[in-house]
Each structure stands twice: as C-alpha cells, then as structure tokens.
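Visitor: sequence unknown, structure follows:
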Ligand SMILES: Nc1ncnc2c1ncn2[C@@H]1O[C@H](COP(=O)(O)OP(=O)(O)OP(=O)(O)O)[C@@H](O)[C@H]1O
Ligand SMILES: [Mg+2]
C-alpha cells in the first residue's frame, strides 16, 4: 500500500461566520503530484495556510509523516520538510537571484544571517558548500545563468521559478505551489510543467499544486481534489474528475465536453 506523507482529517477553518474549510479529509501520498482545484474562494489557499502553519485549523487534525503538526509554528514545519510558494511572489526584488535562494537555504536560515557565517574563515568551506547547493537549485529551475541578476529584473515567469528554487533550498520534501502558472505565457507554462514533473520523478519531491489552468492540471496530476465552498466535492484521477458531473457543474462548466 502507498504511504501517506500528509494527512488531513476532518479539518475545518472558520473566519468569524465564514467556513473557509469544512471537514476536509485529504491525503498526500508518497511520490505523487496532487492538485487542488476549485472556484475562487473555494478554500484552496486556506488549505495551504493550515498545512504550512500560517493558520491553525478550528478543528480537525493534520499529520505529517505520522506526526501531529496542528500547532507547529511555520518555521518548524519548514524544518520538517514542508515548503511553499505564494500566490503572489514574495521575492526580495533588490537582491540577486542567488541571494534570494541563499537567504532561504536551510542552514543559512537556522544559523542566522549569512553575513555571520561569511565572517568566520573557518566556515568558508561551509559557505562554499551552501552556495554550491543553492546554485544546484537554480540549475534545477533553469536560472543558474542568471544568478547575479537582480530578482526584480527577471520576467514574471522566471520570478515564479525563482520562488520554487527558494522553496527547494529549504530542503523540502513536500512542495506546495500556489498557482505557479498564473501570469505565464504558453512557453513558460510548458517549461514549468517540465520542471514540476522533474521535481517529482527525478528528485522525489511530493508536489501539491493549486492551479486554475485545467489543461495543465489534467496533464500533470496523479490525482486531483476538488474544493467548492470549503468542501471537498470530489477526488480522483484526472479522467475521473473530468467526467464527474458534480465537478463539471461546480467548476469545469463549459470547459469540458458534455
Ligand atoms: N484571513 C482571512 N480572514 C477572513 N477570511 C478569509 C481569510 N483568508 C481567506 N478568507 C476567506 O476564505 C475563503 C477561502 O479563501 P481562499 O483564499 O482559501 O480561496 P482560494 O480557493 O484560494 O481562492 P482563489 O482561487 O481566489 O485564490 C474566501 O471566502 C476568503 O475570503
Ligand atoms: Mg488562492
């Protein structure tokens, strides 16, 4: 049987009177690309926020590798191997591409500012190793040759790839991508799809993906979970989801042939 990496059990999130997530059960299995789809306001980002510790669920349980993480602080979850990108990029635009990855690196992050590591010559080798690792992350997303450019000068699609490199630098095993293709053109999307598949198949990172591009979702996902008004209304393979009457009615609408 396939191992579950992340398990949500009847998770609810309430904001005042609004039920953003309503008793959601969800599992992320070892090795899979799992996509979360649903209309605007369905609760997709909220799902990421409770997985990463930005919010605590009102009720229900979250387990990561069999450990209850409901109340763990975000940085502790990063330490366990959960990393994310945001719907709106959060790059340090006046820093270089490489610096953006460096500040996200797990050891830089836990040992304080990079400068303090830099200052001690005994740690020079360490520093080199960290830079090397960060360059490898940039290579994975295809940005190594732009390491010295300012992050803010990159085209939008590449800024989103840089966000992924930063998440990888945390040493993540589970990567949550919130609308990574938003604002990308077709060429950039093709490239992104290749990168995500590579992360999954070659680097064995579990990927949780929120996307509105249904074609991309159908192409890339092992499984799909559909949210609507905070409820999970369907779950299955791309073809199961594409033919689910409830999903077609709630979300896919005219995009799928009847
Ligand atoms: N911090 C908050 N306080 C109050 N309401 C919130 C908060 N965060 C989210 N919500 C509400 O919870 C619901 C779910 O929001 P969420 O951002 O998870 O949706 P989404 O599925 O990611 O939508 P989109 O596709 O537009 O990104 C929405 O009604 C939203 O307004
Ligand atoms: Mg969202």
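Guide: Received the coordinates, thanks. Here the structure is a predicted model, which is why all the values come from computation and not from measurement. Numbers count the residues shown, from 1 in each chain. Ligands and ions are numbered 1, 2, ... in the order given.

Visitor: Point out the residues in the stretch 1-150 of the chain that sit beside ligand 1.
Guide: 15, 18, 20, 38, 40, 41, 42, 43, 44, 45, 46, 87 (C-beta under 6 Å from any ligand atom). Every C-beta, even on glycine, is put in place using the N, C-alpha and C of the backbone.

Visitor: Most neighbours among the residues you listed, which one?
Guide: residue 44 (27 neighbours; other C-beta atoms under 10 Å).

Visitor: That residue and residue 36 touch, don't they?
Guide: Yes: counting by C-beta atoms under 8 Å, residue 44 touches residue 36, with 4.9 Å between them.

Visitor: Pick out the most distant pair among the residues of the stretch 1-150 of the chain next to ligand 1.
Guide: Greatest spacing in these, by C-beta to C-beta: 18 and 87 (18.6 Å).

Visitor: coming back round to it: mind putting the residues of the stretch 1-150 of the chain next to ligand 1 into JSON lines with secondary structure and pLDDT?
Guide: Below are these laid out as JSON lines (DSSP: H, G, I helix; E, B strand; the rest coil; pLDDT from 0 to 100):
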{"residue": "15", "secondary structure": "strand", "pLDDT": "96"}
{"residue": "18", "secondary structure": "strand", "pLDDT": "96"}
{"residue": "20", "secondary structure": "strand", "pLDDT": "98"}
{"residue": "38", "secondary structure": "coil", "pLDDT": "94"}
{"residue": "40", "secondary structure": "coil", "pLDDT": "93"}
{"residue": "41", "secondary structure": "coil", "pLDDT": "95"}
{"residue": "42", "secondary structure": "coil", "pLDDT": "96"}
{"residue": "43", "secondary structure": "coil", "pLDDT": "97"}
{"residue": "44", "secondary structure": "helix", "pLDDT": "97"}
{"residue": "45", "secondary structure": "helix", "pLDDT": "97"}
{"residue": "46", "secondary structure": "helix", "pLDDT": "97"}
{"residue": "87", "secondary structure": "coil", "pLDDT": "83"}
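
Visitor: near ligand 2 too, which of those residues?
Guide: Applying C-beta under 5 Å from the ion, the subset of those adjacent to ligand 2 comprises 44, 45.

Visitor: Just list the residues touching the residue in the stretch 1-150 of the chain that ligand 2 sits nearest to, thanks.
Guide: Nearest residue of the stretch 1-150 of the chain to ligand 2 (C-beta to the ion) works out as residue 45 at 3.1 Å. Residue 45 is in contact with 87, 178, 210, counting by C-beta atoms under 8 Å, 6 or more residues apart in numbering.

Visitor: The first one contacts residue 177, doesn't it?
Guide: No: if you go by C-beta under 8 Å, residue 87 and residue 177 don't touch, sitting 9.8 Å apart.

Visitor: quick one, phi psi at the residue of the stretch 51-200 of the chain found nearest ligand 1?
Guide: Closest to ligand 1 within the stretch 51-200 of the chain is residue 87: 5.8 Å, counting by C-beta to the nearest ligand atom. Per-residue torsions, residue 87: phi -60, psi -40 (degrees, to the nearest 10).

Visitor: What's the local residue count around residue 168?
Guide: Residue 168, neighbours per other C-beta under 10 Å, totals 24.

Visitor: Now it. Nearest residue, chain neighbours left out?
Guide: Excluding its sequence neighbours, the residue lying closest to residue 168 (C-beta to C-beta, 6 or more residues apart in numbering) is residue 137, at 4.5 Å.

Visitor: tell me the pLDDT at the one you found?
Guide: Reading off the confidence values, residue 137 has pLDDT 96.

Visitor: so what's it up against?
Guide: Per C-beta under 8 Å, 6+ apart, neighbours of residue 137: 101, 165, 166, 168, 169.

Visitor: now do residue 157
Guide: 183, 184, 185, 188, 191, 192.

Visitor: want to throw these into JSON lines with neighbour count, pLDDT and secondary structure?
Guide: Output for the contacts of residue 157, formatted as JSON lines (neighbours: other C-beta atoms under 10 Å; pLDDT from 0 to 100; DSSP: H, G, I helix; E, B strand; the rest coil):
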{"residue": "183", "neighbour count": "13", "pLDDT": "84", "secondary structure": "coil"}
{"residue": "184", "neighbour count": "21", "pLDDT": "90", "secondary structure": "coil"}
{"residue": "185", "neighbour count": "12", "pLDDT": "92", "secondary structure": "coil"}
{"residue": "188", "neighbour count": "17", "pLDDT": "91", "secondary structure": "helix"}
{"residue": "191", "neighbour count": "17", "pLDDT": "92", "secondary structure": "helix"}
{"residue": "192", "neighbour count": "24", "pLDDT": "94", "secondary structure": "helix"}
